[in-house]
Every structure is written in structure tokens, then in C-alpha cells.
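Peer 1: sequence and computational prediction follow.
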Amino acid sequence: MLNILIIGNGQCGNRILDAINRDAFGTKGRFAKYLSHQKYKSNVQTIAVNTAVNDLKEMKFTKAKDRIHTPHLHGVGANRNVGKHVFEDNKTLIMKNIHDRGDFDVAFVITSASGGTGSSFTPMLIRELKEKCNYPIYALVILPFREEGTLYLQNAAFCLKDLRESGADGIILADNQFLKQMGGNVESAYNGINDMIARRLLFLLDALDSEMMMVTDLGDFKTVMSGGAGIATIGFYEADSEMPIKSVIKKALSPEGLLFSTDAYQEASRSMIIIRGDRKYMSIDEVSSEVEQLSSSVGQVFKGIIIRNDELPQVLTVLTLESAVELENLYAIAVEAINYERLKKERVDSNKEVDRAFSQINGMDPSY
Amino acid sequence: MHHFGKTLTFMSLAVLLLLISTGSASGKTLFNDTIEEGDGYQINNYVIEVAEVVYEHEVATIHVYEDESKTPKFDKFLSLGDSFTFTIEGEDVEVTLLSVYSGISNRAKLSITITDASIINSKTLGEVDGGHTAAVLPKTPILEMIKTVEPDGIGIGDVVTVKVSVTNTGDGDAEKVIFSDPTPAKFVLQETLIAPTGQTTIKKGEMRLIYVYTLRSTEPGTFVFDPSTAVYSNSIDDEFPQASSNAPVIVVEDSIKKANLDVVLVLDEYTVDRRGNLEGTIRIKNTGESPASAVTVNVLVPTGLKYSEGDPGIEIISGVPTIYMESFGVQQEKEMSFRLKAIDEGTYTLSTQSSYLFSDGIDPNAQSASSTSVTNAIYVKKGKYDYLLEQPIYVYIVPLLVTGVVAGLLFYRHRQYKF
């Protein structure tokens, strides 16, 4: 049984973590937490970290002991510099909480790249963990909507850079901009994205600790994640009716199934495919055909097959990327945003128009 | 022999002469002696008086007076040896002048005989100095007594007045009269107004009220008052038969005043489910003629019912609902309500025990009385949910345990997730 640590930092990380804990019950009912335990196949420890206590309070499926509040008013206001100071002030608290839970085989740290707490805490947390622990740590990072604002884009750019420099063993990307194709309002879009990520991560964790007909394990996962530019994404598709397994695999590798906009056949460096379902859907020929097609483009494809009677076929793909056009686009926009903020600040400092307005009444008193 | 015969004849003649000389062939000689002129000899209510003695002529005048008559009944002039006879109460009395004597007061010697001396009252026999005027003649007082009781019909506790009067209808005073008057049973002497003290004299023809007193009746019934009596004698201490009054009869009606408490228990229903409630009312009324005091009413609640609450006037004393009232007037009514709870199935009755005191107007001590009352049968039937209690204990324990465990688990889980 694997020992897995999952940390959710900031509001986004907390919500995804809570979604993971919810789905782990096996049902989506509100009272699932009263009536059953989370059905992790592995020994999974979850920790939610936040400066905003309200975000921690709204978590429903994560136990209170697994929520750490690092006090700083209510959040850091999307200011990564403030967040870094706060992390430093509370580092001991957070690290003690992690170390008290024992040793792990792998850790995942979930965060948004654009917020304040998550984007500032996560790189520093990973650095601390890498110094003190010897298990692989992967960051699951959610990229912002491009229209969320210049601050968020600025944060995302610097967060990703800090993550790459933190020593993380891999960065798994999920892009809100890409996933907003789900439609609906913003809240449902967010919740939908959180659920998607949670489901994929759970599938992955379940698969890594399952008995497979064809085996992929943590070692294979590490190998996949160590490939490419250290950036990965996850694809997933579940058939809602009987359909050929090859179609399911294709969909898992298509934009319909991926969390990040990429052409798997063009940009992927390594890949892992995990197939689960009833034996009757497991056409080895079809599987082999698709794997062969991918491997001809990607190179190394690890595959695993989990037989679950009476289940429709589900396919999870993990792709590490050697290039990411979309990421380059993001940075281009982020740079503009950074410049925009800088120029704005310079204007304020230089013009001081508001200060001039205030100074007009220096030395005057109100009369009533 | 010849001499003896002569002697005998001579003695017989002597005796005959003696008898003749005594004046009577078959009477008893009462007197044979001298009586001074003016004195007399009394036999019962007759006085033979020597009215006059003429010594020279050897004659005497003898008067015989009867009773207190001033005129002699017989006036006889006797010479020596003369006699006359008269009757006293049917017996012949012969008076013979035997001799006369002179002196300061002339005397006459008389012989007085009577055929049957049994009629003589010894207290009235003998010489009487001073003649008939000084004689103490025997009288016959007759006491007639009358006893009255008024009224002759009363109720218990009422008072009657008893009067006893006496009238001397005889010819002489009744001396040394002693009265007695028995107190009748079932009556209590209230007051004595007139009563004799010791011996007294009722003169001839006198009427006197001897007793006047009041009695209070204590029991109903018909009572005969024993006669009052009197014993007496005449002036010469002759005792006479006891005089006795009449025996009046009194009827005493049972009109004793009592207090009578009616205690009635009423319930709003007589069939109730187990664990249900019964509303009850106690109604107390004094239907008697006397007020009651120290009224105690105990409500006896059977096992299977339980007293829940009630009027403030109902107190719980030693587990028994009790009503106590210091006094309860005639025709006074009181009502108190209470509530019972049905505990066990079954058939029950509710009862009361009452006790109280009252004054009957006769006995100075208060009388006590008690009474009981009981309701109709009260049926307690199975409660609506009693079937639940008839299940084996595990039927209750297991769900309770499960519920407890589940509740505990839910609470534990809630605490786990509460931040």
C-alpha cells in the first residue's frame, strides 16, 4: 500500500482537495462523511493550508485536523510577497504537521498559480519538503482564466517559475482557460474543473496501487514525470455507453479529455495510459494499436490495464510535455500584464495626481 | 267428801260473784279505780268523764264524749252499783259506778270493761286528767299526692317540669311526713326549684307543693315516672300506709340533632386507557341539623391509579389525599376537583372515608361520626402504545443501542469535520 500525501494550498487547492476527499467516499451525498470512510486504496493523508479561515471553514469533506490555518487576516490579497512572509512565519507549523504524519512514497501539492496563498506557499513548501524528505513531490497547478486580471497573470508567471526552481519532481498543469469550454456560469465552471481534477487524481492514485492485468506502478509514473520539460498534464475519458476501447483512448488524449491544451502526439515526451473496465471491453488489439500509434509519436508509453467487472471503460493518460505552446502564450500575456502593472505603478508614483488633490486642503479646517 | 263438795260449790259461787262484781260476764276489765271529778278515762276517741260526784247521795254523773264533741254522747246518772253500756267500734263497753269518795276533789270508783279489747289503741287508753277537753284523740290523716310532668310529649334534649303536690284530706294532721321522689332514668336533673327538707307536718286539710324541678331527656322512648311517696304518722305516732302519687307517662321523641355529611365522588369517565388521566370531583354537603367540626375526608386511591394533582384544599398526608375542614355548617356544600393517572390495567373503585364531630345538644362532649362512599367501577384498559411495552426487552434495547451508536458515530464524525 502506498503512502501518499496530498496538500492543497490556498482556496483553489483547498477546494480541489475537498473534492478529492468527497469523491473518495464513493458517493456524492452530503452525509457520506458521516456514514462511511474514504475509500482510498492507498494510505492517503490530506492537508489543507490557507491563510483565509473562511476558505478552510467551507471545506466539508476534509477533517478538521487536516486543515491548517496560517493566520494572516483573511488571505494575503493575491500578494505573493506577503504570502512568502506569511509562509516563513508559519513554516514550522506546517512542516511539523506534515512530519507528524510519517513518511510517504509520493506527495502532490495542489494550488492555483494565480492566487496569493497557494501560489506563494507552494514553491516554498516544495523546497522545504525536498530538503527534508526524499520522496517525489509533484505540483498540480491550475492556471487562471486569461481575463482574470493582470495580477493573477503576473502571479501565475512567477509561481510557475518558482515551482520549476523549487525542486518539484514535476508540474502537472490544469488550465481554467482551456476547461471553460465546459460552459455554464463561473461557479459551475470552477466546480466542474475541481471535480474533473479530483477525479483524475483519484483515478491515478487508485491505479498506482491496484493490481493490474498489465502493470504500471509508481516507478513508471516517476519515469513518465521525469521526462520532457518537467511539465505534464492528465487526460481522462469515461465511456457512457459501450464503445470501442480505442475510441475511449483517443478521447482521453483529445482536448475533450485533457486538462491542458496540448497536442499529445506533437508535444508529449512520455506517456502513461491506464485503462480500467470490464474485461469484455479490453480488446488487446485495439489497445495495442492505439498505444503503438502514440508511442510512434511520443516514444515511451507505459500502459496499465485494471479489470473491473461490469464497469464501462475508463482511460487515464499522463503526458509529460517537451514543449507547450499554450504555456508560451500564457507567458506572453503574463509579461504584458507585468509590464502593465509596472507602468501603472510608475505613473502613480510619478504623477501623484491624487496626492496633489489631497494637498489642496493642507492647512485647512472644516467649518460647520 | 261432803266438805269438798261444799267447798267447791262455795268457790264457784265466789267466782260467780266475782265475775258479777266485775260487772261483765265475758268482757275485759280495762279500768277499776277512782277517777277524780272532772277527769276521765279514754278509750280510743271516747272519753268517759266523771262529770260530777255527789258523795252524800252516793251518786255520780258520767258523761261519755266522742271525739272532740263538746256535748256528751251519753250522760248517765249512776248510783252505786249502776252500770251503763255503750259501744265503741262495735264492742260493748260497760261502765259501773263502784264507789264514791269525798275529798278536795270528789272521786268516783269506776269499773270499765269491754267485750273485745283488740279494738283499743293502746296510745289512747287511760286516765285523762282534765277530762275530755284534755284528751288527745287519735286522728287519721290521709295524704293524697299528685305528680304532674309537663309537657308530656317532648324530643330528646328537651326539658320537662315535674310538680308533686300533697293534700291532707284526713281528719288530723299528718306528722313526721317524709317524702321521696325517684329520679327517672334517661333524664338528667336540670334544676330543683322546690324540694322538702327532712320531716314535715301536713296539717289537716292542707295542700302543699312538695317538689318542683326540671329534667332533660337523654333518650327517646316512653317513660313512666315512678310515683312520689310519703310516709307519715298522726299525732299519736300511729303509722299509716305510705301515700303514693300517680305515675305520669312521658313520651320522648327521637329528635336528637346530628350532623350528616354526604360525600359524593364523581369522575368524568369510568373507562380510560392506561397512562390516561381521570378528572374527579368530591362534593361534600352537611344535610344534618347540626354543624360538623374537624371534618376529615380521606380519598383512598387504589394501587393501579395514582393521584396527580388537585384542589389546594386537598393535602397529601402519609400518601393519602386528604381534605380537612375545621368546621362545616348546616347545609354547607363544598366541591373540590382532582386528577388521577391510570397506571395499571384493571378494574378499580375509588372510595372515601370521612369522619367528623358534632354536638347533639345533649351530651356536653362532641359526638363522632364517620361514613364511607365509593364510586362505580373504573376500567383501565390497555394504552394505545402499550403493545410496545409488551415486546421482549431486546426489541427496545437493540434499536436503542443502534440508535445510540449511530448518534454517537454521527456526533463523532461531526466533531471530526467541524473546523
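Peer 2: Received, thanks. Numbers count the residues shown, from 1 in each chain, chains lettered A, B, ... in the order given.
Peer 1: use CA for all of it now, contacts and neighbours both
Peer 2: Will do.
Peer 1: so where do the helices sit in chain B?
Peer 2: Under the criterion DSSP state H, chain B contains helices at B:2-21, B:386-389, B:393-417.
Peer 1: what does the last one contact?
Peer 2: Going back to what we said before, that points to helix B:393-417. A:33-35, A:60-65 (Cα atoms under 8 Å, 6 or more residues apart in numbering or on different chains).
Peer 1: tell me the residues of chain A that contact chain B?
Peer 2: Counting by Cα under 8 Å from any Cα of the partner chain, chain A comes close to chain B at A:33-35, A:56-57, A:60-65, A:67.
Peer 1: list only those of those residues flagged as buried.
Peer 2: In those, burial by neighbour count holds for A:33-34, A:56, A:60-64, A:67, counting by 16 or more other Cα atoms under 10 Å in any protein chain shown.
Peer 1: rank the contacts of helix B:393-417 by pLDDT and give me only the lowest.
Peer 2: Minimum pLDDT across the contacts of helix B:393-417 is recorded for A:L35, with 79.
Peer 1: contacting residues for that one?
Peer 2: The contact partners of A:L35, taken as Cα under 8 Å, 6+ apart, are B:L410.
Peer 1: how much space between it and A:G26?
Peer 2: Between A:L35 and A:G26 the computed distance is 11 Å (Cα to Cα, to the nearest Å).
Peer 1: tell me, how many residues neighbour the nearest residue to B:N260 once chain neighbours are set aside?
Peer 2: Of all residues not flanking B:N260 in the chain, B:G288 sits nearest, at 4.3 Å (Cα to Cα, 6 or more residues apart in numbering or on different chains). Number of residues near B:G288 (other Cα atoms under 10 Å in any protein chain shown) recorded here: 18.
Peer 1: correct me, but B:G288 touches B:S255?
Peer 2: No. In this structure, B:G288 is not within contact of B:S255 by Cα atoms under 8 Å, at 11.8 Å.
Peer 1: distance between the ends of stretch A:110-120?
Peer 2: Using Cα to Cα, the end-to-end distance of stretch A:110-120 comes to 12 Å.
Peer 1: show me what contacts the residue nearest to B:N44 when sequence neighbours are not counted?
Peer 2: The shortest distance from B:N44 to any non-neighbouring residue, by Cα to Cα, 6+ apart, is to B:T124 (4.8 Å). B:T124 sits next to B:42-45, B:136-138 when contact means Cα under 8 Å, 6+ apart.
Peer 1: try 7 Å this time
Peer 2: Each residue near B:T124 by Cα atoms under 7 Å, 6 or more residues apart in numbering or on different chains is listed here: B:42-44, B:137-138.
Peer 1: count of residues packed around the nearest residue to B:I142 once chain neighbours are set aside?
Peer 2: The shortest distance from B:I142 to any non-neighbouring residue, by Cα to Cα, 6+ apart, is to B:G170 (4.2 Å). B:G170 is flanked by 18 other residues according to other Cα under 10 Å.
Peer 1: how much space between B:G170 and B:D238?
Peer 2: Shown here: B:G170 relative to B:D238, a distance of 13 Å by Cα to Cα.
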